[in-house]
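Novice: sequence first, then the predicted structure, then my questions.
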Amino acid sequence: MVSSMSRTAFPLLAFTLVYPTMCCRVFAGEELYRTAAESNVNQRYTIESIAVAGVQVDEAKLPSRLRQRMIALVGKRCDVAVLQDLAGDLRRELHLREVNHHLIKGSQPDRVRVDFEVVKKPVDISVPKFLYHSQQGFTGEVNATTHVGQNSFTLGAVSNGDDLTERFTGIVARYENTRLIFDRLRLGIDFEDYHEQWNSATRSAVASDSGQPFDLYRARRNIAPRITFAVARPISVSIGTSFEQTKSEDATVGDRSANAFTAEVHYGRKIEGDTVQQLVDGKYDLRVGSRSLGSDYSYSRHMFSLRYEIKSGRQTASDELTGGALSGDAPMFERFVLGSSSTLRGWDRYAIDPLGGDHMIHNSLTYGYQFGERTAEVFYDSGAAWNFGRSAELRHSIGVGYRQGVFVMTMAFPVIQGKIEPVFMAGMNY
Amino acid sequence: MNSRDLRTAYGAALACAVAICAFAVTSTLPRLLVHLEGDYLRVSVTPHLNFIKDRVLERLKDGASVQFLGQLTITQGPNSPVTEARAVARFAFSYDIWEQKFAVTKFGERLDQKSSASLFSADAAETWCLDHMTIDRSLIPTDRPFYIQLDLREEDPRDRLGIVGESGVNITQLIEFLGKPVKNGPKPIRIVTNGPLRLADLRKAGPG
């Protein structure tokens, strides 16, 4: 209990000291900068037209949300602070190095034309996920991406002890074409090469489990091409294949293939009202390991997630339901794990099931209250992971969180009779 | 003329050249002039300090806002780390693309405390900026000499670089954020007076 508290307290203290310093440095000057922009003498003029890199906004290839924001500014007062915000969003969304707005004299003396000049970025290095978990240690990913026209190439390094039963460490490479033949068709090819580390609880469970022979592999490599078709604005469908090869720790087993057909249907819709904003997001994912693809495993894995979020003023409430089922002979990385940074937070995954389950259901209910850019959250997780034919035990956890942008700090408490063992998590995008 | 005379002539010519160069360099170095006006100590720079130029001027003529942070510091010595008094002012410049005039706004310690001017040239805007950098006379030591230093720096909108986005922390932008002041960011302007000043002398001498 004491060691658990000290494991939690130290990173909490460190994060509490370091994080505000970092944020203050990054965000400092925002208000002053805005005030300076508002004193700009060109504010009194009306925007006649807007262009991006010399191309009129109607014809420029832009995300529709940004295009609509730009079109809405035509005919309005030239608010330089708003133009600066737009330049920042353009840079982020189009992965540009720099975007600057230029004002040019319009056709009449009280009008101006706006042109956003863009400077491309050769390589974009980002940290899409970073997590410190007081029980699991660190999880992180660093990616370097370069864009050539509609093509993007990503090379990254990953060490993940959060998503699967095992910790996997290695490299990822990704190619994506965002406009294959026409706008709605995308092509992506993922390459992953990982080295695996197994927990002693998992090893013991494999050794003692006589029901199903689990293969603990020391490495795995995957090549996964897929095509995504945007059927309509909120719906997209992806189909592809995954050619995954594992190298077993057992020399007699050797290399095994887990080749599968993959499919995903995604629905995402944002409903923006005057006072209430709602978000509906649903996903269904299917993986079918097939001997017709030369796979040593034959299985099917179904997984769905449904998320609903409602925001009104400073208050946010969300509910996310996920579930999955696995049948047949599947490799370990396909099994479902609860007790991660987003499911049954606070629970030790190896105490739930050191091998993961072939069935899973989970629900997470969150309420948040905003203080400026910061959000305080409380959450309640409940879920079960079990194996087919065995009974499922429903577990619960509660916790509090603090969120600012992509940064999140969480203290989670698994609901276990007679014990309080808080787990601390901090990081980004987990 | 023998070789010894020739060497002497060459030496003299070289000494003259060095002296002329030294004079040219020192006479063009900006000097900070100080004078008292009422309860305030004011400064001016000779020759004229031209800081609205190059990229700053281009950005203004593109309709952007540019901020400068100015600081007057009173110290005991030319490189003394101990500050006797300090005054900080923030200036926002913009350029009217239709009327082709410069606008400058000085922000006080509170953002709602501000004064503005509309001027026809960059030189006039720069002069207005320096004219509005003052330090309270009561803060200046009366019993000992002091040095005064002017620092001007363009405020870089680095918080706009998008270091933190929806996809996490962008390392490229973070490197740019941390590296910019050294590599290619705005260069600060610093001018120090040549010698110690006394408040009593300023009062007698007036400007200069």
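Specialist: Ah, there it is.

Novice: ok and the residue in chain B nearest chain A?
Specialist: Residue nearest to chain A within chain B: residue B:63 (2.7 Å; CB to the nearest CB). Quick note: C-beta positions are derived from backbone N, CA and C, even for glycine.

Novice: not counting its neighbours along the chain, what's nearest that residue?
Specialist: residue A:103 (2.7 Å; CB to CB, 6 or more residues apart in numbering or on different chains).

Novice: the one you found - that's part of a strand, no?
Specialist: Yes. Under DSSP: H, G, I helix; E, B strand; the rest coil, residue A:103 falls within a strand.

Novice: how about the helices of the stretch 1-150 of chain A, start to end?
Specialist: For the stretch 1-150 of chain A, the helices defined by DSSP state H, counting those that start in this stretch cover A:2-27, A:30-38, A:64-73, A:80-93.

Novice: worst average pLDDT in those helices?
Specialist: The weakest mean pLDDT among the helices of the stretch 1-150 of chain A belongs to helix A:2-27, with a mean of 48.

Novice: pLDDT below threshold where in chain A?
Specialist: For chain A, applying pLDDT under 70 flags the ranges A:1-33, A:210-212.

Novice: would you mind measuring from residue A:199 to residue A:75?
Specialist: Remark: distance between residue A:199 and residue A:75 (CB to CB, to the nearest Å) = 62 Å.

Novice: compare these two (neighbour count), which wins?
Specialist: For residue A:199 versus residue A:75, neighbours defined as other CB atoms under 10 Å in any protein chain shown are more numerous around residue A:199 (16 against 11).

Novice: nearest spatial neighbour of that one, skipping sequence neighbours?
Specialist: residue A:350 (5.7 Å).

Novice: contacts only, for the one you found.
Specialist: Going by CB atoms under 8 Å, 6 or more residues apart in numbering or on different chains, residue A:350 touches A:199, A:201, A:202, A:339.

Novice: using PDB, write out every CA atom in the lengthiest strand in chain B.
Specialist: Taking DSSP state E as the criterion, chain B has its longest strand at strand B:83-96. Output of strand B:83-96 as PDB, limited to C-alpha atoms (Å, rounded to 0.1, in the frame of the first residue of the first chain):
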ATOM      1  CA  THR B  83      19.700  46.900 -11.700                       C
ATOM      2  CA  GLU B  84      18.900  50.200  -9.900                       C
ATOM      3  CA  ALA B  85      15.800  50.900 -11.900                       C
ATOM      4  CA  ARG B  86      14.000  49.600 -15.000                       C
ATOM      5  CA  ALA B  87      11.200  50.600 -17.300                       C
ATOM      6  CA  VAL B  88       9.600  48.300 -19.800                       C
ATOM      7  CA  ALA B  89       7.200  49.200 -22.700                       C
ATOM      8  CA  ARG B  90       5.500  47.100 -25.300                       C
ATOM      9  CA  PHE B  91       4.900  48.600 -28.800                       C
ATOM     10  CA  ALA B  92       2.600  47.200 -31.500                       C
ATOM     11  CA  PHE B  93       3.300  48.400 -35.000                       C
ATOM     12  CA  SER B  94       1.100  48.100 -38.100                       C
ATOM     13  CA  TYR B  95       1.000  49.600 -41.600                       C
ATOM     14  CA  ASP B  96      -2.100  51.000 -43.200                       C
END
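
Novice: counting contacts, what elements does it pack onto?
Specialist: Applying 3 or more CB pairs under 8 Å, 6 or more residues apart in numbering or on different chains; DSSP states H and E, one finds that strand B:83-96 makes contact with helix A:30-38, helix B:54-61, strand B:66-75, strand B:101-107, strand B:134-136.

Novice: my guess is residue A:249 contacts residue A:220, does it?
Specialist: No. Contact between residue A:249 and residue A:220 fails when scored by CB atoms under 8 Å: they sit 11.8 Å apart.

Novice: between the two, who's got more neighbours?
Specialist: Relative neighbour count places residue A:220 above the other of residue A:249 and residue A:220, with 23 against 14, counting by other CB under 10 Å.

Novice: that one and residue A:258, how far apart?
Specialist: Where residue A:258 is concerned, residue A:220 sits at a distance of 8 Å (CB to CB).

Novice: which residues do those two both contact?
Specialist: Shared contacts of residue A:220 and residue A:258 (CB under 8 Å, 6+ apart): A:244, A:245, A:246, A:333.

Novice: now for those residues: which two are most distant?
Specialist: The most widely separated members of these, counting by CB to CB, are A:245 and A:333 (11.9 Å).

Novice: what's opposite residue A:188 in the beta bridge?
Specialist: residue A:176, residue A:226 (DSSP bridges).

Novice: list the buried residues for stretch A:417-430?
Specialist: Buried residues in stretch A:417-430, counted by 16 or more other CB atoms under 10 Å in any protein chain shown: A:421, A:422, A:423, A:424, A:425, A:426, A:427, A:428, A:429, A:430.

Novice: just those residues that are near chain B?
Specialist: Restricting these to those within reach of chain B (CB under 8 Å from any CB of the partner chain) leaves A:428, A:429.

Novice: which one of the buried residues of stretch A:417-430 is nearest to residue A:274?
Specialist: Nearest to residue A:274, judged by CB to CB, of those is residue A:429 at 29.9 Å.

Novice: if we can go back for a sec, overlap in contacts, residue A:245 and residue A:333.
Specialist: Contact criterion CB under 8 Å, 6+ apart; residues bridging residue A:245 and residue A:333 by contacting each: A:220, A:258.

Novice: three-state assignment of the residue nearest the centre of chain B?
Specialist: With distances taken as CA atoms, centre = their mean, the residue of chain B nearest its centroid is residue B:152 (3.8 Å). Classification of residue B:152 by three-state DSSP places it in strand.

Novice: circling back to that earlier point, in helices only, show me the buried residues of stretch A:417-430.
Specialist: With helices taken from DSSP state H, there is no overlap with the buried residues of stretch A:417-430.

Novice: can I get the buried residues of stretch A:417-430 in JSON lines including distance to residue A:180?
Specialist: Shown next, in JSON lines, are the buried residues of stretch A:417-430 (distance: CB to CB, whole Å):
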{"residue": "A:421", "distance to residue A:180": "50"}
{"residue": "A:422", "distance to residue A:180": "48"}
{"residue": "A:423", "distance to residue A:180": "43"}
{"residue": "A:424", "distance to residue A:180": "44"}
{"residue": "A:425", "distance to residue A:180": "38"}
{"residue": "A:426", "distance to residue A:180": "39"}
{"residue": "A:427", "distance to residue A:180": "34"}
{"residue": "A:428", "distance to residue A:180": "31"}
{"residue": "A:429", "distance to residue A:180": "27"}
{"residue": "A:430", "distance to residue A:180": "31"}
